[in-house]
Structure formats: C-alpha cells, structure tokens
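Engineer: need coordinates for the below:
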Amino acid sequence: MKHLIAALVLTTSANAFAQEAPVPASASQESHQDLRKRTHGMTWELTSNNMKAKNKDTNAESETTSTDSKFGYMYNFGRFELGGAFSSSTDKNEDTGDKTTAGTFELIGHINIIKNEPGEDLIPYGVLSLGSLVMESGTTEVKGSTASLGFGLKWFPLSEIFALRAELGAGSATLKNDDTDVELEIKATYFNVGWSFYF
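Structural biologist: Presented below is the predicted three-dimensional model:
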C-alpha cells in the first residue's frame, strides 16, 4: 500500500511540473515556421520627384515635379533584400505641346534594421539604388546613370505577406547627349508610397 501511495504522489508531482515548465524556444520557432514565408517580393510604388537640372555648358537651370509608378522585384535574405525596378513616364508641356518620355531601370538594395521575417510587422530600412535613365524630348535624347539613397518603413497590417511601404530619399544623375555633347546634372528628392507582396 505504501508503494502505491508513493507512486501516485510521484506521478502527480511529475504532471504538475510538466504543466508549469516553460515552453521551449524550439516550439516558438516552430510556430514562426508555420507562418507564410517572405522570400520573393513583388513591388509597386507611386513616386513623387522634384528634380533640378543644370546644363553644365550653359549653366541654364530648370526645375520640374513629376509623379510616376514603378514596378519591381526583391529577393529577401532577411537582413537585406536585393532586386530591381523599372519605371516609365510621359510628361506633356501644355504650352508647347512637347512631350518628354523617361525610362529608368534600377538595381536596388534594402538593408533591414529589423530582420524581415514572419512575425515582424514593422520593418524600418535603408535603401540604395543604382540605375540608368533615358530621357527623350522631340528629337533630343539624353541618357546616363543615377544613384539615390533613402530611408523607409515596411508595415504588415493585414497578413504576413502584404506590406505597405513609405520611403523618402535623395538622388542625382548625370545625363549626356552623344550627338551634341550636351551634359545635364540632375539633383532630385523623392517620396514614394506603395506595397510589397511576398511569397
């Protein structure tokens, strides 16, 4: 009888200890693994640019404001993301009727201050982009390289795979016409809003 009572006491104590024991870290990691992955990101942005252009030969200056959209792809490594984006825009001068078209391709890198992984809803980041720009107005075409630096925030309000984004930054470009040797120096500031869809 004594042995039976001792066995019951030991069994009850073991069950109570098991219920009070903290959940191991591996269980928490497994719950994160059950969330949707964020490996590939399709992006869309609406960008507002304020550009100041200067002709390096004549020192003539001009300032324009434009809004265009940008589509891209990012591969997510967690702490950083690499990818590219393409944008195209057409502006028309209402006084002269002249149209100016611009196309840009950029290589983009995000440095995430907080690792972009399932379970994280707010991710601040820094962004660096290098690209090429082609502008055409009438019979004149200029092309060259661009570089920009900015800071932004990704917010996942609805799910683990859909993020709203906002970004603020500044950049520069050097454009040249090969036929006339006209060279333009452009300084720009930008603000964009958009979204990223991860899968």
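
Engineer: going by C-alpha atoms from here, please, whenever you check contacts or count neighbours.
Structural biologist: Fine.

Engineer: okay, and for this structure, where does confidence drop off?
Structural biologist: 1-34, 93-95, 97 (pLDDT under 70).

Engineer: now do the strands in this protein.
Structural biologist: Using DSSP state E, the strands of the chain run over 40-55, 61-76, 80-92, 99-112, 122-137, 140-155, 162-176, 183-198.

Engineer: put together CSV for those strands, with mean neighbour count on each row.
Structural biologist: Shown next, in CSV, are the strands of the chain (neighbours: other C-alpha atoms under 10 Å):
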stretch, mean neighbour count
strand 40-55, 19
strand 61-76, 16
strand 80-92, 17
strand 99-112, 19
strand 122-137, 18
strand 140-155, 18
strand 162-176, 19
strand 183-198, 19
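
Engineer: residues contacting the most centrally placed residue in the chain?
Structural biologist: Residue closest to the average C-alpha location in the chain (C-alpha atoms, centre = their mean): His110, at 6.2 Å. Counting by C-alpha atoms under 8 Å, 6 or more residues apart in numbering, His110 touches Phe80, Glu81, Leu82, Tyr125, Gly126, Val127, Leu128.

Engineer: ok, 10 Å please
Structural biologist: 74-76, 78-83, 124-129, 150-152 (C-alpha atoms under 10 Å, 6 or more residues apart in numbering).

Engineer: so it versus Asp181, what's the distance?
Structural biologist: Applying C-alpha to C-alpha, to the nearest Å, the value for His110 to Asp181 is 35 Å.

Engineer: and what of Gly78?
Structural biologist: From Gly78 to Asp181 the distance is 44 Å (C-alpha to C-alpha).

Engineer: for these two, indicate the residue with more neighbours.
Structural biologist: When Gly78 and Asp181 are compared for neighbours, Gly78 comes out ahead with 17 against 11, by other C-alpha atoms under 10 Å.

Engineer: and the more buried one, its phi and psi?
Structural biologist: phi 100, psi -80 (degrees, to the nearest 10).

Engineer: from what I see, it and Tyr125 are in contact.
Structural biologist: No. With contacts counted by C-alpha atoms under 10 Å, Gly78 stays clear of Tyr125, the gap being 11.5 Å.

Engineer: okay, and the common contacts of the two?
Structural biologist: In contact with both Gly78 and Tyr125: His110, Ile111, Asn112, Ile113, Ile114, Lys115, Asn116, using C-alpha under 10 Å, 6+ apart.

Engineer: done for today, thanks.
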